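*Asks:* Below is the sequence, then the predicted model.
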Amino acid sequence: MCTKDISINYIVHNKWRRAFSPIMAHFLCKIKDENKERISFTIHTSYDYNYWETFAYNLVDEGIDSSVILYTDTLNYMQKIKEASEIDLGYSISLDEDVILGNHAWDNFIDGVYLLKYTNNLLVTPLISVEVGSVGTFITELCGYGLDLIEFHDIYKKTDFTEIGNKWGVDYSSLNECVSSMEGWSDSEFYYFVEKINHYYKGIHPIRISIEAQRKMVKTILKYYDSFVKKRNLTPIIHNRPYFTNHVYAIRTDVWRNILKDNSLFRDAFDEVPLNLFRRKTNTNIILLLGALGLHGTYTGIGGDNQMEIEDLLLRGLYEKINSP
C-alpha cells in the first residue's frame, strides 16, 4: 500500500480561469490508483467556495483526497503559497490554475518526484509549453523538427524586446541586437545574451511577450493533441537555462518552507525570483521531465484581452478533443 507523501496545491488566482479546472480534473482523475494514494489535493481560492467545494467532493469520489482553503483577501498569491508550504507532507507540488497535464504526464510527474531524494536536485517539473527556458524542447518533443518549429522561429525573430522592459523595469533592449544578428534562431545563443543582463529577472523569451507565438502554441498543441496526451517514457534532464518560470513544480516541502521564509531572496510579491536566486546560490538542479508534457495557458505580458482570446481558443479546442468519439 502506498503512503501519502505529496501535497498538490492548486493556486486559484484569476476568476476567469476557472474554466481550466474541469479539464485539469478530467486528466488527474485518470492517473494510476497507486499515485492517487500518494497525493493530497488542496485548492487555495478566494472566490466561488461552493464551486470549489463541489469540485473537491468530485475528486474525492474519484479516489483523490481533496480539500479547499478559502482566503478572504483576493490579492494574496504569496499567502496561498506560504500556507501550502505548511502542509505536512514530504513533497509539495505548486500548480497554477491554468496548467493542464495529460494523465500519463501526471503519472510520470508523480513518479519523478523520487528525484528530489537527491539533495542536489531542487525542483522537478513537467515539460511545459510556454515555460521560457524549455519551450524549444517542448515543441520538438511534441511535434519534432519540422515546419512548425521553423514557424515558431520566424515569429521569434520579429520580437521587439524594448517595450516589455518598461513594464518590468529591466532593460532588455540588447536582446534586439542579439536576435537580429542570428542567421536563424538558436535558444542557446539567445540565452547566452540573457545571462549577460545585469538583473535578477532573466525570465525572458519571445514566447513570453509575443501574442503571435502564444496563439501559435495553442494551435500547435491542438494540432498535435494525440502527441500531447500519449504515454511517454520518463526521461529526466537538467534544465540548463538561466531562469525557470514556475507554473508547476515539485519540491521537498522543508526546502520550500525555508526558501519562503528567507526574505533576502524576495524582490516582488511572488515566489518565482526566490526560487531562481536560491537555485543559483546553492548550485542545485531543476529537473525537466521529457516524458511529462504539460501546457500553460498564456502570460500576462500580452494583455488581458489577448490572454482571454487565446485561452478561449485553447479551452474550446481541448473540450472538443476530449468529447470527440
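*Replies:* Cool, the structure landed. What you see is a predicted model, and the numbers here were worked out from it, not measured in a lab. Residues are numbered from 1 along each chain as shown.
*Asks:* helices and strands of the protein: which one bottoms out on pLDDT?
*Replies:* Lowest mean confidence among the helices and strands of the chain (mean pLDDT, DSSP states H and E): helix 162-168, at a mean of 83.
*Asks:* Kindly provide the distance from H247 to T253.
*Replies:* H247 sits 19 Å away from T253, going by Cβ to Cβ, to the nearest Å. C-beta: built from backbone N, CA, C; applies to glycine.
*Asks:* Between these two, point out the one with more neighbours.
*Replies:* Set side by side, H247 and T253 show more neighbours around H247, with 24 against 21, by other Cβ atoms under 10 Å.
*Asks:* Can you give me every residue that contacts L295?
*Replies:* V99, I100, L101, I128, S129, V130, I221, F228, L314 (Cβ atoms under 8 Å, 6 or more residues apart in numbering).
*Asks:* same thing but at 6 Å, please
*Replies:* I100, S129, I221 (Cβ atoms under 6 Å, 6 or more residues apart in numbering).
*Asks:* quick one: which helix or strand includes it?
*Replies:* Per DSSP states H and E: L295 is located in strand 285-296.
*Asks:* Let me see the mean pLDDT of that strand.
*Replies:* The average pLDDT within strand 285-296 is 97.
*Asks:* Just give me how far it sits from the chain centre.
*Replies:* How far strand 285-296 lies from its chain's middle: 9 Å, per Cα atoms, centre = their mean, to the nearest Å.
*Asks:* helices and strands around the next helix or strand after that strand, which ones?
*Replies:* For strand 285-296, the succeeding helix or strand toward the C-terminus, using DSSP H and E, is helix 304-323. With contacts defined as 3 or more Cβ pairs under 6 Å, 6 or more residues apart in numbering; DSSP states H and E, helix 304-323 has these neighbours: helix 211-223.
*Asks:* Show me which residues of the helix it packs on are buried.
*Replies:* For helix 211-223, a neighbour-count test (16 or more other Cβ atoms under 10 Å) marks I211, E212, A213, Q214, R215, K216, M217, V218, T220, I221, L222 as buried.
*Asks:* can you state the direction angle for the strand holding L295 and helix 211-223?
*Replies:* 80 degrees (axes from the mean of the first three to the mean of the last three Cα atoms, to 10 degrees).
*Asks:* shift numbering so it begins at 14
*Replies:* In the new numbering, first residue 14, that becomes strand 298-309.
*Asks:* quick one, strand 298-309 and helix 317-336 angle?
*Replies:* Using the same axes, to 10 degrees: strand 298-309 against helix 317-336 is 80 degrees.
*Asks:* the strands in the chain, which residues?
*Replies:* Here the chain has its strands, by DSSP state E, at 19-24, 52-58, 78-83, 104-109, 112-114, 134-141, 249-251, 261-265, 298-309.
*Asks:* Could you save the contacts of L308 as a markdown table and add columns showing distance to I82?
*Replies:* Formatted as a markdown table, the contacts of L308 follow (distance: Cβ to Cβ, whole Å):
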| residue | distance to I82 |
| --- | --- |
| I113 | 22 |
| S142 | 28 |
| I234 | 31 |
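*Asks:* The least confident helix or strand of the chain: how far from the chain's middle?
*Replies:* 22 Å.
*Asks:* Other residues contacting that helix?
*Replies:* D184, Y185, S186, I222.
*Asks:* top of those by neighbour count?
*Replies:* Result: Y185 is most packed of the contacts of helix 175-181 (other Cβ under 10 Å), 24 neighbours.
*Asks:* Could you list the low-pLDDT ranges of the chain?
*Replies:* Applying pLDDT under 70 to the chain picks out residues 14-15.
*Asks:* Which residue ranges make up each domain of it?
*Replies:* 19-149+232-336, 160-217 (automatic domain parsing).
*Asks:* Pick the most deeply packed of these.
*Replies:* Of these, the one with the most neighbours on average (mean count of other Cβ atoms under 10 Å) is domain 19-149+232-336, at a mean of 18.
*Asks:* check contacts around the residue nearest the centre of the chain.
*Replies:* What sits nearest the mean C-alpha location of the chain, by Cα atoms, centre = their mean, is H260, with 2.7 Å. If you count contacts by Cβ under 6 Å, 6+ apart, H260 has them with D109, V112, I141, H309.
*Asks:* how far away is the third one from Q92?
*Replies:* Read it as I141. For I141 relative to Q92 (Cβ to Cβ), the value is 24 Å.
*Asks:* Check Y262 too.
*Replies:* 19 Å.
*Asks:* if we compare the strands of the chain, which one ends up closest to I210?
*Replies:* Closest approach to I210 among those (Cβ to Cβ): strand 298-309, 19.4 Å.
*Asks:* Correct me if wrong: D284 contacts K95.
*Replies:* No - D284 is beyond contact range of K95, at 8.9 Å (criterion: Cβ atoms under 6 Å).
*Asks:* what about E154, distance to I210?
*Replies:* 28 Å.
*Asks:* just L41 next, same as before
*Replies:* 37 Å.
*Asks:* cool, Y185 as well?
*Replies:* In this view, Y185 and I210 are 7 Å apart by Cβ to Cβ.
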